[in-house]
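Colleague: when you get a sec, could you give me coordinates for this:
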Amino acid sequence: MSKLDWRRGAAPFLFTTLAAIAAAGLVTPPAAASSHREAPTIGTLPKADGTDFYLFNSYEPGRSGYVTLIANYQPLQDAYGGPNYFKLDPNALYEIHIDNNGDAKEDLTFQFQFRNNFKNIKLPIGDQMVGIPLTQAGMVSTPNAAALNVNEQFSVNLVRGDRRTGSVAPVTKAGGGSVFDKPSDYIGTKTLGDKAAYEAYAAQHVHTVNIPGCAQPGRLFVGQRQEAFAVNLGPIFDLVNAPLAVITNPALINAAAANSIQDKNVTTLALEVHKSCLTQGGEPVIGGWTSASLRQSQLLNPNPPSGHQTAVATGGAWVQVSRLANPLVNEVVIGLADKDRFNASHPSKDAQFATYVTHPTLPALLEIALAIPGTAPTNLPRGDLVTTFLTGIPGVNKPAGVVPSEQMRLNTDIPAVPLAQQNRLAIVGSLLTGGTDFAGYPNGRRPKDDVVDISLVAVMGGLCMANGNANALGFGLECNPAKVPLGATAFKLHDGVDQAAVPLPAAFPYLPTPNAGAQ
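Modeller: Numbers count the residues shown, from 1 in each chain. Prediction:
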């Protein structure tokens, strides 16, 4: 059977493999918020902090053959955060990288750069014209509205080859031009109207674009969105402050915990690109990640001139400060001493972090937090996790000749599943229910995929339970049910919050309308 034979009626072995995968790709990133303030230094640089990365085959009707790439930045935005709100950093370089030959190096990089156009709106006060203190001077309903005191714009370049030395060409509008307007954050209903009005305003910033070297047009959106990731954030980091009887009973999902970040917003960079423009040769699997970089030096001016964001001058080479592919990796897998190092690293150098995967600490921390000693899987080193996390799963999303590295891997040949038919546990859920949804995490990641719950299952031994005693999935004879003290209970773990309860749209850019700063 071909590794791409995902048609109904495929052999039972394939379905078993899929189950392992669903547990597998989640291996490294178990249980917590996806990637919010996850390392000491990035916690001080929120504008460059990547929160979530999504990579999936587009499921909007009529978009078959397209791939959606979404990178979210600036975590935990309070909608009322005026008067400046959450503009992106004009001194930062935001990037989405694609490795299409499995060598742990980027082959395509989409680079986003922003600028704040300050209009310095003034009002007549007596005999003086005086600049206003706000980011807006009235109602806003169109791009670059006259009432916007600061209008954000951005450009996108496509780099082929090395992200710093490769060939560069601009992504352009279908009607010409390479500078795009970004919608204002959702200040409130008096400035931007009700939810429907804001969404109509934001929709004016969804651009049809020409991608260099690509015959098919793509789509582009950058703007504020509601945080779509669901998690019981506070209790998770408070040593999993929830009764064991609750988090091992699937019937209690949503009954005992709240999605603590649904009232927050993020800033979304979204691209939709035809798969033929992302893949190389006959290899359907692509790997992806996002990063943000800042200039190496900055000089604070003790007497900044009038203007907008004039207190800092930057210079020097770009230095990467944020990196994100699979959710939760740097948050709950990488040790505290190496979190900054991981954020600055490149996938081709990931061997230095291998011990965190082969000998993960999270199962031992869960033993302490939940007072369940002796429940961590015992098949050390965790070669099963290395296989699924660093290379992709054979027959599903492992590219030929792969170099081990931490990336999100997507098989672009696996058909997309409409939103209403998606299983929140993706492949694992489909196996358990007899479903046919094989298009979700860890085969890429969609907004509806409940990566926290599947990760808990995986890290506490779900892979080895599925592997059985006969090494059915090829993870090694040491990876077997006897090495999983929790046994079947491992399949029942959850964080109390249902990802599927988030109100997600079924069309690009796939994330919900942001929360308004005022009603």
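Colleague: spit out the contact partners of the spatially most central residue of the chain.
Modeller: Nearest residue to the geometric centre of the chain (Cα atoms, centre = their mean): Phe53, 1.6 Å. Residues in contact with Phe53, defined by Cβ atoms under 8 Å, 6 or more residues apart in numbering, are 70-72, 288-290, 324-327, 408, 445. All C-beta spots, glycine's among them, are computed from the backbone N, C-alpha and C.
Colleague: then Ala270?
Modeller: 68-71, 219-222, 508-511.
Colleague: can we see that at 6 Å?
Modeller: 70, 221, 509 (Cβ atoms under 6 Å, 6 or more residues apart in numbering).
Colleague: once you drop chain neighbours, what's closest to it?
Modeller: Nearest non-adjacent residue to Ala270, counting by Cβ to Cβ, 6 or more residues apart in numbering: Pro509, 4.0 Å away.
Colleague: before we move on, back to that, dihedrals phi and psi, the residue nearest to the centre of the chain?
Modeller: Dihedral pair for Phe53: phi -130, psi 130, per degrees, to the nearest 10.
Colleague: what of Lys190?
Modeller: phi -70, psi -40.
Colleague: heads up, I number from 24, so please use that
Modeller: That works, and once the first residue is 24, the last one we named lands at Lys213.
Colleague: burial count for the spatially closest residue to it that is not a sequence neighbour?
Modeller: Distances taken as Cβ to Cβ, 6+ apart put Ala541 closest to Lys213, at 6.8 Å, once the chain neighbours are dropped. Applying other Cβ atoms under 10 Å, we find 12 residues neighbouring Ala541.
Colleague: got it, and Arg187?
Modeller: When neighbours are counted by other Cβ under 10 Å, Arg187 registers 11.
Colleague: hey, where'd the helices end up in the chain?
Modeller: 35-47, 212-215, 218-226, 256-260, 267-270, 352-355, 362-367, 377-381, 385-393, 406-409, 449-456, 474-480, 486-490 (DSSP state H).
Colleague: Ser363 against Ile65, yeah?
Modeller: No, residue 363 isn't Ser; it's Asp. No - proximity of Asp363 to Ile65 does not meet the contact threshold set by Cβ atoms under 6 Å, at 7.7 Å.
Colleague: returning to that earlier point: now do the phi/psi pair for the residue nearest to Lys213.
Modeller: Torsion angles, degrees, to the nearest 10, at Ala541: phi -160, psi 140.
Colleague: how near is it to Gly211?
Modeller: Distance from Ala541 to Gly211, counting by Cβ to Cβ, to the nearest Å: 3 Å.
Colleague: just give me the neighbour total for the closest residue to Asn233 other than its chain neighbours.
Modeller: Excluding the flanking residues, the one nearest Asn233 by Cβ to Cβ, 6+ apart is Thr195, at 4.9 Å. Neighbour count of Thr195, defined by other Cβ under 10 Å: 18.
Colleague: so, low pLDDT: which residues of this protein?
Modeller: Along the chain, segments meeting pLDDT under 70 span 24-58, 279, 454-455.
Colleague: who does Ser316 bridge with?
Modeller: Leu116, Gln343 (DSSP bridges).
Colleague: before we move on, what about the one 4 residues further on?
Modeller: Applying DSSP bridges to Ser320 yields these beta-bridge partners: Gly338.
Colleague: tally of neighbours for it?
Modeller: Ser320: 11 neighbours (other Cβ under 10 Å).
Colleague: that one contacts Ala336, correct?
Modeller: No - judged on Cβ under 6 Å, Ser320 makes no contact with Ala336 at a distance of 8.8 Å.
Colleague: can you lay out the contacts of Phe76 as TSV showing distance to Leu267 and neighbour count?
Modeller: Shown next, in TSV, are the contacts of Phe76 (distance: Cβ to Cβ, whole Å; neighbours: other Cβ atoms under 10 Å):
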residue	distance to Leu267	neighbour count
Ile93	34	26
Ala94	36	30
Asn95	32	27
Gly311	36	25
Trp312	35	24
Thr313	35	28
Leu347	31	27
Ala348	31	25
Asn349	27	26
Pro350	24	30
Met431	31	26
Arg468	28	26
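Colleague: still on that earlier bit, between Asp363 and Ile65, which one's more packed in?
Modeller: Using other Cβ under 10 Å, the more surrounded residue of Asp363 and Ile65 is Ile65, with 24 against 16.
Colleague: gap between that one and Ala71?
Modeller: From Ile65 to Ala71 the distance is 7 Å (Cβ to Cβ).
Colleague: next one: Val269
Modeller: 36 Å.
Colleague: for the two, indicate the residue with more neighbours.
Modeller: Ala71 (24 against 16).
Colleague: contact partners for the residue nearest to that one when sequence neighbours are not counted?
Modeller: For Ala71, ignoring the flanking residues on the chain, the nearest one in space by Cβ to Cβ, 6+ apart is Ala315 at 4.0 Å. Shown in contact with Ala315 (Cβ under 6 Å, 6+ apart): 71, 115, 117, 345.
Colleague: considering those residues, which possesses the most neighbours?
Modeller: In those, the most neighbours by other Cβ under 10 Å go to Ser345, 28 neighbours.
Colleague: wait, it sits on Gly73?
Modeller: Yes - counting by Cβ under 6 Å, Gly73 is a contact partner of Ser345 at 4.7 Å.
Colleague: one step back: thought the residue nearest to Ala293 was touching Phe244?
Modeller: Yes - assessed by Cβ under 6 Å, Pro532 is found in contact with Phe244 at 4.4 Å.
Colleague: okay, these two: which has more neighbours?
Modeller: Neighbours were counted for Pro532 and for Phe244 using other Cβ under 10 Å; Pro532 has more, 26 against 23.
Colleague: could you export stretch 390-407 as CSV, CA atoms only?
Modeller: Only the C-alpha atoms of stretch 390-407 are listed here, as CSV (Å, rounded to 0.1, in the frame of the first residue of the first chain):
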residue,chain,number,x,y,z
GLU,A,390,3.7,12.3,39.1
ILE,A,391,4.6,15.0,41.5
ALA,A,392,1.8,17.3,40.7
LEU,A,393,-1.0,14.7,40.8
ALA,A,394,0.5,12.6,43.5
ILE,A,395,0.6,9.5,41.3
PRO,A,396,4.1,8.1,41.8
GLY,A,397,5.4,5.4,39.5
THR,A,398,3.1,6.3,36.6
ALA,A,399,5.6,7.7,34.1
PRO,A,400,6.3,5.4,31.1
THR,A,401,9.5,3.4,31.6
ASN,A,402,10.7,2.8,28.0
LEU,A,403,13.7,5.1,28.3
PRO,A,404,15.2,6.4,26.2
ARG,A,405,12.0,7.4,24.5
GLY,A,406,13.0,6.4,21.0
ASP,A,407,9.3,6.3,20.1
